[in-house]
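1. This is a predicted model, with the sequence first.
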Amino acid sequence: MRNLIPSYVRVPLIFFIIWGLIEFFVGNGHEPAFMNNPMILLFLALVLLLIIAIEAIIVTLENIMFQSLDETAKAKYLASKNSSSKINAWIKKTYVKMLGSKPIEKEGEIILDHEYDGIKELDNDLPPWWRYGFYASIVFAFVYLARYHVFNGDNQYDELETTLELAKLELEEYKKNAKDLVDFESVTALTDPADLAKGKAIYEANCVACHMADGGGGIGPNLTDQHWILGGGIKNIFHTVSEGGRSGKGMIAWKQMLKPIEMAQVSSYILTFEGTTPEKPKEAEGDIWVDN
């Protein structure tokens, strides 16, 4: 196998395979892994040096072992090594063929009959690789023309719009399961007993001093009636808890102390007060809220 693949191909190939594996398992997909973690760059440098060192050691051992062989064994070894390099010979032969150039000893056949200051010109044909590439581009042009201009296939702008729509749907689906990403626009009333129990614990730890344990109100407004100063409903309550009450006399913004899911839980728990009868209800404040 080593004789089939030369070292100048094998070393970079192994190195880039290792690099690719690191990017797959460590990278974030947006930038190379060594940009986020410079130690990875050091690790890759050590890997490259190690691969080169292993190659050098193997070559040295082969030379030492070769010198210890008798003439018959040396001839047999060289024969096997030359026979195993058929792939390399085929690659070189194909490369020369794709160049399409005449060997130096046959250049007299294609010399033109004019010269300038002793400089003669060769009438070389276009290289086969260039001609085949040109023919392929013509075929591609017809396929492209038919696909996008005759049959009106999706162009890059249509594909972008489709990708963005899919991304929006995936984001909405992700937000449904990632409760910590909830915000004013996406919050919904939680009805799970576990969420309401956590909301109650948050309320009793932070809100009782101003709104009372039964929601009847004290320094803060009554939470049991239909009147709301900054609007009722889960979205407005969540926004008030997150951003705070009225400037100068409302409650503080809790977004620095509570997680989004915790604000959603306590907001949902506050909704359970509506229609209950507190021991000492405070006089209604604000406007009657009708949740559409």
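-> Thanks, I have it.
2. And the strands in the stretch 1-150 of the chain, which stretches?
-> Assigned by DSSP state E, counting those that start in this stretch, the stretch 1-150 of the chain shows strands spanning 111-116, 119-122.
3. what's the closest of those strands to residue 251?
-> Residue 251 sits nearest to strand 119-122 of all the strands of the stretch 1-150 of the chain, at 89.0 Å, using CB to CB. (Each C-beta comes from the backbone N, C-alpha and C, glycine too.)
4. The closest one - contacts with which helices or strands?
-> Other helices and strands packing on strand 119-122, by 3 or more CB pairs under 8 Å, 6 or more residues apart in numbering; DSSP states H and E, are strand 111-116.
5. Going by neighbour count, list what's buried in the strand it packs on.
-> Buried residues in strand 111-116, counted by 16 or more other CB atoms under 10 Å: none are found.
6. partners of that strand in the sheet?
-> strand 119-122 (antiparallel) (DSSP bridges).
7. for the record, mean pLDDT for the partner strand?
-> Average pLDDT, strand 119-122: 83.
8. Local confidence estimate at residue 2?
-> Looking at residue 2, its pLDDT reads 55.
9. quick one, helices of the protein?
-> Counting by DSSP state H, the chain has helices at residues 7-26, 33-36, 38-67, 71-83, 86-99, 128-144, 156-177, 193-206, 208-211, 233-243, 260-271.
10. Mind listing what's buried along the second one?
-> With burial defined by 16+ other CB under 10 Å, the residues of helix 33-36 counted as buried are 33-34.
11. got the contact list for it?
-> Here helix 33-36 makes contact (CB atoms under 8 Å, 6 or more residues apart in numbering) with 22-23, 26-28, 40-41, 44.
12. mind putting the strands of the stretch 1-150 of the chain in JSON lines, distance to residue 274 included?
-> Shown next, in JSON lines, are the strands of the stretch 1-150 of the chain (distance: least, CB to CB, whole Å):
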{"stretch": "strand 111-116", "distance to residue 274": "98"}
{"stretch": "strand 119-122", "distance to residue 274": "94"}
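13. quick one: residue 216 from residue 225, how far?
-> 10 Å (CB to CB, to the nearest Å).
14. neighbour-wise, which of the two wins?
-> Ranked by neighbour count (other CB atoms under 10 Å), residue 216 and residue 225 place residue 225 first, with 24 against 20.
15. Can you check the pLDDT for the residue lying farthest from the centre of the chain?
-> Relative to the centre of the chain, the most outlying C-alpha is that of residue 113, 61.0 Å out, by CA atoms, centre = their mean. Residue 113 carries a pLDDT value of 81.
16. so residue 199 sits right up against residue 190, yeah?
-> Yes: under the criterion of CB atoms under 8 Å, residue 199 makes contact with residue 190 at 7.3 Å.
17. Pull up the overlap in contacts between these two.
-> In contact with both residue 199 and residue 190: 265, 268, using CB under 8 Å, 6+ apart.
18. Mind listing residues that contact stretch 201-211?
-> Here stretch 201-211 makes contact (CB under 8 Å, 6+ apart) with 213, 217-221, 223, 251, 254, 258, 262, 265-266, 269-270.
19. give me that answer again for 6 Å
-> With CB atoms under 6 Å, 6 or more residues apart in numbering as the test, stretch 201-211 has contacts from 217-220, 223, 262, 266, 269.
20. For it, buried residues please.
-> 202-203, 206-207, 211.
21. any low-confidence regions in the protein?
-> Within the chain, the stretches with pLDDT under 70 are 1-4, 28-30, 81-88, 179, 292.
22. how about the nearest residue to residue 269 once chain neighbours are set aside, what does it touch?
-> In this structure, residue 269 finds its nearest non-sequential neighbour in residue 199, 3.1 Å apart by CB to CB, 6 or more residues apart in numbering. Neighbouring residues of residue 199 by CB under 6 Å, 6+ apart: 265-266, 268-269.
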